[in-house]
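Below is the sequence, then the predicted model.
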Amino acid sequence: LIYHTHSQEAFKDSGPQGRTIVEVGDYLAELLTQKGYRVYHDTSVYDLQSGVLDRSKAYNYALEGVNRILQQNPSIQVVLDLHRDGVSENLHMVSDINGKPTAQIMFFNGVSRTVSQGDVSYLPNPYIEDNLAFSFQLEYQSALYYPDFYRGIYLAGLRYNLHLRPKSILLEAGAQTNTVQEMKNAMEVLAETLCQVIG
């Protein structure tokens, strides 16, 4: 399953047609399908309610939608929440991979634990270790084959709906300073990396 908690995230050249992270997810779904995987791409809009952008409540709305999809499709084993990062306007995170300018990616994990409060008991995640193992495997494959592709693993204190499957991850691909093509080039590398890990 590929979905987007923040479906309105756009890019340097999104233009008036409003090309967003959803288009990038379409391309990743296409690549994985070509490699023989069954892919469900959820293009629902979770961060825009009554025309108002609300990125914090989007996780609650996404939880409802994604839970419904997983109940209807219990064979889904991998859940990817695909985002693009927000960075300083003078930061352009791009590498040359296979001769193509490629947006860099960060593996993001919510561990339901903060330094100041300890365990965040109201956001349980029985799969924290599994989520982290999945991230480490993706990072390891990236380090072997595409060391300039990944920006590392980021650990955050909340849960970010990563409790739905053992292989759940939030991916921060590129940023608002990347082009759509740099993002699509990144999906080619990500698809290869996912296949190495899942396969």
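Everything's here; your move.

now the helices for this structure?
In the chain, the helices defined using DSSP state H lie at 21-34, 58-72, 128-145, 180-198.

So which of these is nearest Ser168?
helix 128-145 (5.6 Å; C-beta to C-beta). (Each C-beta comes from the backbone N, C-alpha and C, glycine too.)

Put the alpha carbons of the closest one into PDB.
C-alpha atoms of helix 128-145 as PDB (Å, rounded to 0.1, in the frame of the first residue of the first chain):
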ATOM      1  CA  ILE A 128       8.300  -0.400  16.600                       C
ATOM      2  CA  GLU A 129      11.200  -2.900  16.300                       C
ATOM      3  CA  ASP A 130       9.800  -4.300  13.100                       C
ATOM      4  CA  ASN A 131       9.400  -0.800  11.600                       C
ATOM      5  CA  LEU A 132      13.000   0.000  12.600                       C
ATOM      6  CA  ALA A 133      14.300  -3.300  11.200                       C
ATOM      7  CA  PHE A 134      12.600  -2.500   7.900                       C
ATOM      8  CA  SER A 135      14.200   1.000   7.800                       C
ATOM      9  CA  PHE A 136      17.600  -0.400   8.700                       C
ATOM     10  CA  GLN A 137      17.300  -3.000   5.800                       C
ATOM     11  CA  LEU A 138      16.400  -0.200   3.400                       C
ATOM     12  CA  GLU A 139      19.300   1.900   4.600                       C
ATOM     13  CA  TYR A 140      21.700  -1.000   4.300                       C
ATOM     14  CA  GLN A 141      20.600  -1.800   0.700                       C
ATOM     15  CA  SER A 142      20.900   1.900  -0.100                       C
ATOM     16  CA  ALA A 143      24.400   2.000   1.500                       C
ATOM     17  CA  LEU A 144      25.500  -1.000  -0.600                       C
ATOM     18  CA  TYR A 145      24.200   0.200  -4.000                       C
END
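
picking up where we left off before, can you add mean neighbour count, distance to Phe11 and mean pLDDT and give the helices of the chain back as a markdown table?
Below are the helices of the chain laid out as a markdown table (neighbours: other C-beta atoms under 10 Å; distance: least, C-beta to C-beta, whole Å; pLDDT from 0 to 100):
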| stretch | mean neighbour count | distance to Phe11 | mean pLDDT |
| --- | --- | --- | --- |
| helix 21-34 | 20 | 8 | 98 |
| helix 58-72 | 15 | 19 | 97 |
| helix 128-145 | 17 | 22 | 97 |
| helix 180-198 | 21 | 5 | 97 |
